[in-house]
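Visitor: after the sequence you'll find the predicted model.
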Amino acid sequence: MRAPSFWWQEPGLEAALLTPLAALYGMVAARRLQRRGERADIPVVCVGNATLGGAGKTPMALTTARLLAARGERPMFLTRGYGGRLPGPIQVDLAAHNAADVGDEPLLLARAHPAIVARDRVAGARAAQAAGASVVVMDDGFQNPSLTKDVAMLMVDGRRAIGNGRVCPAGPLRAPLAAQLARAHAVVVVGDAGGASGVADAAAAAGIPIYYGRLRPDGRAIAALAGRRVLAFAGVADPDKFFRTLAEAGVEAPLRRGFPDHHRYTEAEASRLLAEADLRELTPVTTEKDMVRLDGSGALGELRARALSLPVILALDDQESFATFLLGRIKGRA
């Protein structure tokens, strides 16, 4: 699904027409957030988005696991595996699984630390503990109440924030903001924070700590693109964010092609992208998440072989303060 453009504008006719449905959806979502979940025997850290759309959730999960591992913990990721056919619980095997099996994000996570895919989050947490994890890091699942979170982080894009402030389908919010903040232990704003000042003010008024960070492209990948003109393509929640990252790194991208989030590329689409790149002598460049979805032979295999990916990391402005907060919540879970 591609997010409607009116979600990110001042509320207009489209939002007004959908307000009654959004009110019903928001009421159900808010009540669901209030449910008491089952408590795992090991700490559970959850990273989720306040809105439908990318806000740096997966990079933040990776950063969180890295900080925990550096301090002696054994983190294991837990994710639903959106887009994958396997319900789990199952540990991701990079040699055996592909995006059709487990989804794209679990494949990225499993490159850093072990990852469990499970639609049943409680069963997934048990599987992680049985596999030797000392802490679970959930990628998504903030709005899922089945599992109690010891640390629940709400991600907010600093530029788009919460858009028109309405709940889906009238706007991008997954649940009313107040209901989400009531369940959050921290808010993380990613990128230029100017657009998210309203959310930051609401979090501060509720006594919720706020952390700031930025997505930074891998230096070696940028160096490999030096002097090249590229065809940039991305099937993520906000392709423009990927395109801006390239531009800010000085990479010239005369052609940019955006697709819906978690998009499964077809042979025809891969052929068109290759033809456009050849016609203008451009190097195809995409995100890591898109790269793992380029499965198959033919044009898809050729596009995967020829394309370069651009890894990004989420760098926190005050990493030590965040690590202290994170470990404090985990150690004090009793």
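Guide: Now that the structure is in, tell me what you want to look at.

Visitor: from Met138, how far out is the spatially most central residue of the chain?
Guide: Most central residue of the chain, judged by C-alpha distance to the mean C-alpha position with C-alpha atoms, centre = their mean, is Lys57 at 3.2 Å. The gap separating Lys57 from Met138 is 10 Å, by C-beta to C-beta, to the nearest Å. For glycine as for every other residue, the C-beta is placed from the backbone atoms N, C-alpha and C.

Visitor: so what's in contact with those two at the same time?
Guide: Overlap between the neighbourhoods of Lys57 and Met138 consists of Val47, Gly48, taking contacts as C-beta atoms under 8 Å, 6 or more residues apart in numbering.

Visitor: how long is stretch 98-114 from one end to the other?
Guide: End-to-end distance of stretch 98-114 (C-alpha to C-alpha, to the nearest Å): 15 Å.

Visitor: try stretch 153-167
Guide: One end of stretch 153-167 sits 19 Å from the other (C-alpha to C-alpha).

Visitor: over to stretch 226-241?
Guide: Chord length of stretch 226-241, first to last residue, is 20 Å (C-alpha to C-alpha).

Visitor: buried ones in that stretch, by neighbour count?
Guide: By neighbour count on 16 or more other C-beta atoms under 10 Å, the buried set for stretch 226-241 is Val230, Leu231, Ala232, Phe233, Ala234, Gly235, Val236, Ala237, Asp238, Pro239, Lys241.

Visitor: and the first one, what helix or strand is that in?
Guide: In this case it means Val230. Mapping Val230 onto the secondary structure by DSSP states H and E places it in strand 229-234.

Visitor: residues in contact with that strand?
Guide: Residues external to strand 229-234 that are found in contact with it (C-beta under 8 Å, 6+ apart): 242-243, 246, 251-259, 273, 276-277, 280-287, 290, 308.

Visitor: if we go to 7 Å?
Guide: Residues from elsewhere that reach strand 229-234 (C-beta atoms under 7 Å, 6 or more residues apart in numbering): 242-243, 246, 251-259, 273, 276-277, 282-287, 290.

Visitor: do the same with stretch 267-276
Guide: Contacts with stretch 267-276, where a contact means C-beta under 7 Å, 6+ apart, come from Leu231, Phe233, Leu255, Arg257, Pro284, Gly298, Ala299, Leu300, Glu302, Leu303.

Visitor: buried residues, that stretch. List them.
Guide: When burial is assessed from 16+ other C-beta under 10 Å, stretch 267-276 yields the following buried residues: Glu269, Ala270, Leu273, Leu274, Glu276.

Visitor: same question, stretch 319-334
Guide: Phe322, Ala323, Phe325, Leu326, Leu327, Arg329, Ile330.

Visitor: need the contact list for the last one.
Guide: When contacts are counted by C-beta under 7 Å, 6+ apart, Ile330 is found next to Pro43, Val135, Asp150, Val151.
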